[in-house]
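>>> based on what follows, work out the 3D shape:
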Amino acid sequence: MSEIILNAVSRTELGKGASRRLRKQGNVPAIVYGGKKELAPAAITLKSNELKKAADSESFFSSVLSLSIDGKTESVVLMDVQRHPATDAFIHVDFERVDASTVIHKVVPLHFLNETTCVGVKVGGGKIQHNMTEVEVTCRATDLPEFIEVDMAKVEAGHVLHLSELVLPKGVELVALQHESDQPVCSVVKKAGGDDSEAAEESAE
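The predicted structure follows:
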């Protein structure tokens with residue numbers, strides 16, 4: 001995974017009027033908080049085009065970023081993004097400072113592998129049905145995965161794959177399982193007909 005670096009400058013003008021002026025100039029207001037007790041929240045400004053380019057990468061939303069503020073680099077994670085409802089342009093961004101000991105909760109995407117060679121599809125004639133495309137994880141910032149792989153190669157027709165069956169990177173836990181909520185991630189629904197029809201209904205449920 002390549003490192004994502006963002007450049008920012010401190011800002012002293014706050015409020016809605018100042019934020020509007022920044023956006024008209026091609027900038028995006030943001031704030032950085034968290035970290036050591038002596039570190040106060042910092043109001044910053046980023047270039048809109050640089051932020052948009054970084055956001056084109058899926059990992060921007062689920063990895064530790066390097067944020068350079070006035071030349072000083074900090075490790076942060078993206079916590080919140082506000083976008084314009086019509087143009088989808090960035091309006092405001094929140095970052096949280098992290099270090100090696102910071103435990104975070106973050107939503108990361110699922111990458112489904114070997115769907116075309118899935119035994120339940122090729123041999124069983126089934127169809128893959130996704131129940132989730134992302135999961136919430138908790139881990140130290142240094143262990144945060146860019147995504148979690150779901151290998152579909154050996155999943156048979158009629159089988160429902162649950163959260164507890166996912167292979168997680170070291171140090172990563174699923175928040176849902178901490179609350180004893182073993183939800184379905186995906187399934188291979190059997191083709192309709194005879195007993196297969198009943199199995200498909202069970203799988204969908």
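
>>> rest of the way, CA atoms for contacts and neighbours
Noted.

>>> quick one, what contacts the residue nearest in space to the middle of the chain?
Closest to where the C-alpha atoms of the chain average out (CA atoms, centre = their mean) is residue 108, at 3.1 Å. By CA atoms under 8 Å, 6 or more residues apart in numbering, the contact set of residue 108 is 61-62, 134-137, 145-148.

>>> in strands, which of the residues you listed appear?
Cross-referencing these against strands under DSSP state E gives 134-137, 148.

>>> touching, residue 170 and residue 143? I think so.
Yes. Contact criterion CA atoms under 8 Å: residue 170 and residue 143 qualify, at 7.4 Å.

>>> of the two, who's got more company?
The residue with more neighbours, out of residue 170 and residue 143, is residue 143; 17 against 10, by other CA atoms under 10 Å.

>>> next SSE after the helix or strand residue 45 falls within?
Applying DSSP states H and E as the criterion places residue 45 in strand 42-47. Downstream of strand 42-47, the next assigned helix or strand under DSSP H and E is helix 48-55.

>>> got the buried residues for that following helix?
For helix 48-55, burial by neighbour count (16 or more other CA atoms under 10 Å) applies to 48, 51, 54.

>>> skipping adjacent residues, who's closest to the second one in space?
Going back to what we said before, that points to residue 51. Closest residue in space to residue 51, ignoring its immediate chain neighbours: residue 6 at 7.4 Å, by CA to CA, 6 or more residues apart in numbering.

>>> now tabulate the buried residues of helix 48-55 in a markdown table and tack on pLDDT and distance to residue 36.
A markdown table is the format used below for these (pLDDT from 0 to 100; distance: CA to CA, whole Å):
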| residue | pLDDT | distance to residue 36 |
| --- | --- | --- |
| 48 | 92 | 28 |
| 51 | 92 | 26 |
| 54 | 92 | 27 |
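
>>> make sure residue 176 is indeed in a helix.
Yes. Applying DSSP: H, G, I helix; E, B strand; the rest coil, one finds residue 176 inside a helix.

>>> I'd like to know how many residues surround it.
16.

>>> do the same with the one 10 residues further on
Residues contacting residue 186 under the criterion other CA under 10 Å number 23.

>>> what sits against it?
128-132, 160-162 are the contacts of residue 186 under CA under 8 Å, 6+ apart.

>>> against residue 124, how distant is residue 192?
12 Å (CA to CA, to the nearest Å).
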